[in-house]
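Visitor: sharing a model that was predicted from the sequence below.
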Amino acid sequence: MNRCVAKAALLLAMIAVAGDSALVAQEKVKLDVVPKGAAQTIGYNTSQRLELTSIAPLSIKKAPKLINPLYGIIPTHSDGNRIFHVILDEVSSNKATLYIDANGDGDLTNDPQNSWKTYSFSDGSTQWLGNTAITLSQGTTSLDAHLVVYKYDKNDPSLAAYKNILFFYRDYAYAGKATIGGKTWTVMLSDDALGGDFSAKGTFLLVDRDGNGSFDPKWESFDVKAPFTLEGQSYELTDLQPLGGEFTIIKSSQSVAELKAPPDHAIGKKITSFTASDMDGKTVNFPRDFAGKIVMLDFWATWCGPCMEEVPGLADCYSKFKDKGFAVLGITLDNANQARQIREVMKDKNMLWQEIYDGKGWKAQIAQLYFIQSIPSSFLVDGDTGEILSAGGNLRGKWLIPTIEQALNKKGQR
């Protein structure tokens, strides 16, 4: 009888342990909505393109009085058959109005006014920048989702390919804490693809693995539709709510490789070396080929407005210091078949330094090696030692020339 009691007790204990394991293996998460300002917190943007046309969609029911309109539809899905129409009325080169059908009812006269302003750069080019909000809806849940919108100067011949392209990216997300594997992490849920459905493809769980307050898409961003690994254990997301910021984290039956942290490219550290071919077919060994100099490694693209804003100042700086030991090596993140356009931009903007271009956009080999998540992104390096002398904001705008002067003076005193 005692033996039976002992067996029963053991069985109950096993069931209890199994129950505890099941609870540990499933972590329910509920995040808070961030309807605006999420882009800055996240730390990277994934711009979507919207091609505008002069043909008005038949689904537009009512529009304001227009002079020179271009039309488009934001490819974001929301229930209730909502269509988010866009009208850009370009009256002149310095006057335009952006209309967004925020509530998706086909009437563009009953929506809030959008911010749409022009910014002029030192090289004479112009970029338009604004923000708007559209009302996403899934079931009984709705979200006023803010978007950042921008467009390049249609009169700039070097950016002719983007004449009728409107760019936009998400400024909304969900944020909070999640317990994964017994450890609490700061996380966000980001609708990178602007699909309007956080349970669908194009949504990413962001985990602040290094605790720096931002999220690196190379190793802290995980597709919600695929397994991911943290600290040796693979997990999956289930029960994702389209707009609720709710989901469950479970241990995965699949085992996937854990993403590695990016190289430490802080000031004072050694830069990662590489070998590549420039646009003229010449082999570049970085930083070895720049012995005796200081070299600025500059990640950019012709489609990047902030990058192009920095070009005139960099060109002037290069002209001023190239004979004193300053060099530049550019890494362009333009997509395939853009070599001709890159060369035209380089000629027009007096970019007389070496450029490396492999046509892979954000997946450019060196950008991947360096874990580049936003551009412009630059590093000032000692060609002899490979030491990173400066980076980021100190290599932009009014700070560029003083930074280069200081680095050259210090190198000359060694």
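Guide: All right, it came through fine.
Visitor: can you give me the helices in the protein?
Guide: Assigned by DSSP state H, the helices in the chain fall at 2-25, 38-42, 305-321, 339-348, 365-370, 400-412.
Visitor: confidence-wise, which of those helices is weakest overall?
Guide: Among those, helix 2-25 has the lowest mean pLDDT, at a mean of 45.
Visitor: ok, now which ones touch the most centrally placed residue in the chain?
Guide: The centroid of the chain falls nearest to N45 when counting by Cα atoms, centre = their mean (2.5 Å). N45 makes contact with 39, 148, 169, 374 under the criterion Cβ atoms under 8 Å, 6 or more residues apart in numbering. The C-beta positions use only the backbone N, C-alpha and C, and glycine is treated the same way.
Visitor: show me the domain layout of the protein.
Guide: By the assignment in automatic domain parsing, the chain contains the domains 27-259, 274-412.
Visitor: okay, the ones you listed in JSON lines with distance to I267 next?
Guide: Shown next, in JSON lines, are the domains of the chain (distance: least, Cβ to Cβ, whole Å):
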{"stretch": "domain 27-259", "distance to I267": "15"}
{"stretch": "domain 274-412", "distance to I267": "5"}
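Visitor: closest one to H265 among those?
Guide: Between H265 and those, the tightest spacing by Cβ to Cβ is seen for domain 274-412, at 6.0 Å.
Visitor: now do the closest one: distance to the chain's middle.
Guide: Centroid displacement of domain 274-412 relative to its chain, using Cα atoms, centre = their mean, to the nearest Å, is 20 Å.
Visitor: same check on stretch 38-58?
Guide: Chain-centre distance of stretch 38-58: 12 Å, with Cα atoms, centre = their mean.
Visitor: in it, what counts as buried?
Guide: Buried residues in stretch 38-58, counted by 16 or more other Cβ atoms under 10 Å: 38-39, 41-46, 48, 50, 52.
Visitor: what's around F379, how many residues?
Guide: By the criterion of other Cβ atoms under 10 Å, F379 has 22 neighbours.
Visitor: for it, what are its contacts?
Guide: So F379 contacts 265, 271, 296-297, 388, 390-391, 395 (Cβ under 8 Å, 6+ apart).
Visitor: thinking again about what came up before, by neighbours, which of the contacts of N45 wins?
Guide: Neighbour counts for these peak at A39, which has 21 neighbours (criterion: other Cβ under 10 Å).
Visitor: wait, it touches D171, no?
Guide: Yes - applying Cβ atoms under 8 Å as the test, A39 and D171 come out as touching, 4.6 Å apart.
Visitor: now do the shared contacts for the two.
Guide: V148.
Visitor: contacts only, for I366.
Guide: Counted by Cβ under 8 Å, 6+ apart, I366 has contacts 274, 276, 331, 356.
Visitor: what segments of the stretch 51-200 of the chain are strands?
Guide: Along the stretch 51-200 of the chain, counting by DSSP state E, counting those that start in this stretch, strands occupy 69-74, 84-92, 95-100, 115-120, 126-138, 141-152, 165-170, 173-180, 183-191.
Visitor: pLDDT and neighbour count added to the contacts of I366, as TSV?
Guide: Below are the contacts of I366 laid out as TSV (pLDDT from 0 to 100; neighbours: other Cβ atoms under 10 Å):
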residue	pLDDT	neighbour count
F274	97	16
A276	96	18
I331	98	27
I356	98	21
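Visitor: show the buried residues in the contacts of F379.
Guide: Buried among the contacts of F379 (16+ other Cβ under 10 Å): 265, 271, 296-297, 388, 390-391, 395.
Visitor: which single one of those is nearest to N94?
Guide: The closest of the buried ones among the contacts of F379 to N94 turns out to be L395 (Cβ to Cβ; 30.4 Å).
Visitor: next, the contact list for the closest residue to K282 other than its chain neighbours, please.
Guide: Spatial nearest neighbour of K282, excluding adjacent residues (Cβ to Cβ, 6 or more residues apart in numbering): Q354 at 7.4 Å. Going by Cβ under 8 Å, 6+ apart, Q354 touches 278-280, 282, 284, 328-330.
Visitor: which residues does Q354 bridge with?
Guide: Using DSSP bridges, the bridge partners assigned to Q354 are L329.
Visitor: quick check: which ranges of this structure have low pLDDT?
Guide: Within the chain, the ranges that satisfy pLDDT under 70 run 1-25, 78, 80, 121-124, 413-414.
Visitor: rerun at 80
Guide: Residues of the chain meeting the criterion pLDDT under 80: 1-25, 77-81, 93, 120-126, 158, 412-414.
Visitor: can you count the residues close to G412?
Guide: The tally of other residues near G412 (other Cβ under 10 Å) stands at 9.
Visitor: tell me how far it lies from K324.
Guide: 9 Å (Cβ to Cβ, to the nearest Å).
Visitor: likewise K95?
Guide: Counting by Cβ to Cβ - K95 and K324 are separated by 45 Å.
Visitor: neighbour count for these two, which is higher?
Guide: Between K95 and K324, counting by other Cβ under 10 Å, K324 is the more crowded of the two (14 against 10).
Visitor: residue contacts, that one?
Guide: So K324 contacts L408 (Cβ under 8 Å, 6+ apart).
Visitor: what does T109 give?
Guide: T109 makes contacts with 62-64, as judged by Cβ under 8 Å, 6+ apart.
Visitor: I'd say T186 and N212 touch.
Guide: No - counting by Cβ under 8 Å, T186 stays clear of N212, with 10.0 Å between them.
Visitor: who has more neighbours, these two?
Guide: Using other Cβ under 10 Å as the criterion, T186 and N212 rank with T186 on top: 15 against 10.
Visitor: make TSV out of the strands of the stretch 51-200 of the chain and add distance to V345.
Guide: What follows is the strands of the stretch 51-200 of the chain, written out as TSV (distance: least, Cβ to Cβ, whole Å):
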stretch	distance to V345
strand 69-74	24
strand 84-92	23
strand 95-100	24
strand 115-120	18
strand 126-138	15
strand 141-152	12
strand 165-170	16
strand 173-180	33
strand 183-191	31
